[in-house]
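# Curious how this folds, go ahead:
(one chain, ligands or ions: 1)
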Amino acid sequence: MSSPALARSQRSAPTPAFDLQRVRADFPILRLKVNGKPLAYLDNAASSQMPQPVLDRLIRYQTQEHSNIHRAVHYLSETATAAYEGARRKVQKFINAREEREVIYTRGTTDAINLVMHGYGRALLGCGDEIIVSQLEHHSNIVPWQMLREERGCKLRVIPCTDAGELLLDEYHALFNEHTKLVAITHVSNALGTVNPIKAMISHAHRHGVPVLVDGAQAAPHLAIDVQELDCDFYCFSGHKMLGPTGIGILYGKAHWLEKMQPYQGGGDMILSVSFDKTTYNAIPHKFEAGTPPIAAAIGLGAAVDYLSELGMHAVCAWEHELLTYATGAMAALPGIRIVGTAAEKASVLSFTVAGVHPHDVGTILNEEGVAVRTGHHCAQPVMQRFGIPATARASFACYNTFQEVDQLVAGVRRVQKMFA
Ligand SMILES: Cc1ncc(COP(=O)(O)O)c(C=O)c1O
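Numbering: from 1, shown residues only. Sure thing, here's the model as predicted:
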């Protein structure tokens, strides 16, 4: 009898609200064969692929527009500056930020969180102040706060999660006291796929007068984000996880916080005037963008945002949800598979273990079948500790993935099981 997975892709699949075949044709890398098999790229939570319009935009910038920005009156500098600032406006619109100056370019999510740790944490927090994080955080939303704890004597309080990977909201509420100064939580868990109820969590924190930083690295590529509706104080994400280039990310911050915060780095472009006696900092966002930024990458991110906006984030989300539901059903039907992370609301991520097989072996054999998944602790060791496992294999989906690729994954896992039987 064929598996439900294999049977399903041969039936007519639900069609995404966009033309999947046209979308796939936009991604040259998806045509690769790996080990003689068609590539099934299911490692999008680590880094997604770039479509041709983003690649074309990067080439156009490098061949016709490249120069340093904000500094000269010549044609190329003005063109590059307009493209760089234009990309900022695209991001502003994409996340519905109230003002353009609330959008700061960073190197990625990690850099954005470290910026807030420095600018808000070091400047405004002291001994005994408390920061609430969750058990579902990526290391990049834990370690910076631990560094602050070392330096300033702050305390970290942790929201625990259920066996399904859902945060315990009563426990969250109980963590607040007069020392609570920041909540730093992930929107979507990279290890489990849980979508946290961040809107309610933000309103709760605000009722206590506490600002909230949201790590949106795994949310911005998959969900429609409206920072005004969420009312978050900070929201961070990375270009390379949302069809854009590496080396670029975004920190959204409410203007009143950004204005209060100290700059992260000193140097060119972040100043209005410098003398040996006194330096006056530039206005936001430039106060946080010292030195020559990754201009090409920022413009590439603008093109990625255009691409996603054209597909429509609601359509992207709906299609990825179909893939996740299908993959979850097919994997759960296999004996010896443990799905790690079974929250009611999930996005894009399917973490699993195969009984008796180390996840690295699962990943290696899947690679022989052309299937790219991530194996390991996913930079979320506290999540692994919570579930009592060292690692998982993780398949993660993007808008260009197909049911056939899920079938390829499931067939690969069956092969793993046969080899280790
Ligand atoms: C939830 C989450 N936060 C933060 C990061 C760090 O992102 P970056 O390495 O792009 O800074 C990642 C990367 O996997 C992530 O999944």
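# only C-alpha atoms for contact and neighbour calcs from this point on.
Noted.
# host element of the residue nearest to V383 when sequence neighbours are not counted?
The shortest distance from V383 to any non-neighbouring residue, by CA to CA, 6 or more residues apart in numbering, is to L136 (5.7 Å). When elements are assigned from DSSP states H and E, L136 belongs to no helix and no strand.
# So L136 sits against A380, correct?
Yes - between L136 and A380 there is a contact at 7.2 Å, judged by CA atoms under 8 Å.
# Next one: H74 from G312, what distance?
According to CA to CA, to the nearest Å, H74 stands 37 Å off from G312.
# Just the buried residues of the host helix or strand of S273, please?
Assigned by DSSP H and E, S273 belongs to strand 271-274. Across strand 271-274, burial judged by 16 or more other CA atoms under 10 Å covers I271.
# who are the neighbours of whatever helix or strand comes next after that strand, in terms of helices and strands?
The helix or strand immediately downstream of strand 271-274 is strand 279-281, counting by DSSP H and E. Other helices and strands packing on strand 279-281, by 3 or more CA pairs under 8 Å, 6 or more residues apart in numbering; DSSP states H and E, are strand 271-274.
# Looking at H74 and G312, which one has more neighbours?
G312 (15 against 9; other CA atoms under 10 Å).
# re the thing from before, now for the residue nearest to V383: which residues touch it?
Contacts here follow CA atoms under 8 Å, 6 or more residues apart in numbering; on that basis L136 touches 161, 165, 186, 189, 191, 380, 382-383.
# Make TSV out of those residues and add distance to I248, secondary structure and pLDDT.
Compiled in TSV, the contacts of L136 are given as follows (distance: CA to CA, whole Å; DSSP: H, G, I helix; E, B strand; the rest coil; pLDDT from 0 to 100):
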residue	distance to I248	secondary structure	pLDDT
C161	31	strand	98
G165	30	coil	98
T186	19	strand	98
S189	21	coil	98
A191	22	coil	98
A380	22	coil	95
P382	27	helix	95
V383	27	helix	95
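# what residues does the protein put near the ligand?
Within reach of the ligand by CA under 6 Å from any ligand atom, the chain has these residues: 46, 108-110, 138, 140, 189-190, 215, 217-218, 238.
# from those, which two are the most distant?
G108 and S189 (16.7 Å; CA to CA).
# Between these two, which is the more surrounded one?
Ranked by neighbour count (other CA under 10 Å), G108 and S189 place S189 first, with 30 against 21.
# nearest spatial neighbour of the more buried one, skipping sequence neighbours?
Spatially, and ignoring its direct neighbours in sequence, S189 is nearest to L136 (5.9 Å; CA to CA, 6+ apart).
# Please enumerate the helices of the stretch 201-350 of the chain.
227-230, 255-260, 295-311, 313-332 (DSSP state H, counting those that start in this stretch).
# Show me what the first one is packed up against.
Put plainly, it is helix 227-230. With contacts taken as 3+ CA pairs under 8 Å, 6+ apart, helix 227-230 sits against helix 198-207.
# Over the helix it packs on, what's the mean pLDDT, rounded is fine.
For helix 198-207, the mean per-residue pLDDT is 98.
# repeat for stretch 20-30
98.
# So what would you say the end-to-end distance of that stretch is?
Stretch 20-30: ends 13 Å apart by CA to CA.
# quick one: the closest residue in space to K287 that isn't next to it in sequence from Q385, how far?
Excluding the flanking residues, the one nearest K287 by CA to CA, 6+ apart is M270, at 4.3 Å. The spacing between M270 and Q385, counted by CA to CA, is 42 Å.
# again with V305
To Q385, V305 is 35 Å away according to CA to CA.
# And the closest residue to K199 other than its chain neighbours, how far from the ligand?
Of all residues beyond its chain neighbours, the one nearest K199 is L230 (5.1 Å), with distances taken as CA to CA, 6+ apart. Distance from L230 to the ligand, counting by CA to the nearest ligand atom, to the nearest Å: 18 Å.
# I69: neighbouring residues, count only.
21.
# tell me the SS of it?
coil (DSSP: H, G, I helix; E, B strand; the rest coil).
# so what's the closest residue in space to it that isn't next to it in sequence up against?
Distances taken as CA to CA, 6+ apart place T81 nearest to I69, at 4.8 Å, with adjacent residues excluded. Neighbouring residues of T81 by CA under 8 Å, 6+ apart: 68-70.
# Find residues that contact each of L136 and A380.
Residues touching both L136 and A380 (CA under 8 Å, 6+ apart) are A191.
# Flag the shaky bits of the protein, pLDDT-wise.
1-13 (pLDDT under 70).
# which residue is nearest the middle of it?
For the chain, A217 is the residue whose C-alpha lies nearest the centre (CA atoms, centre = their mean; 1.6 Å).
# contacting residues for that one?
Going by CA under 8 Å, 6+ apart, A217 touches 109, 187-188, 236-238, 241.
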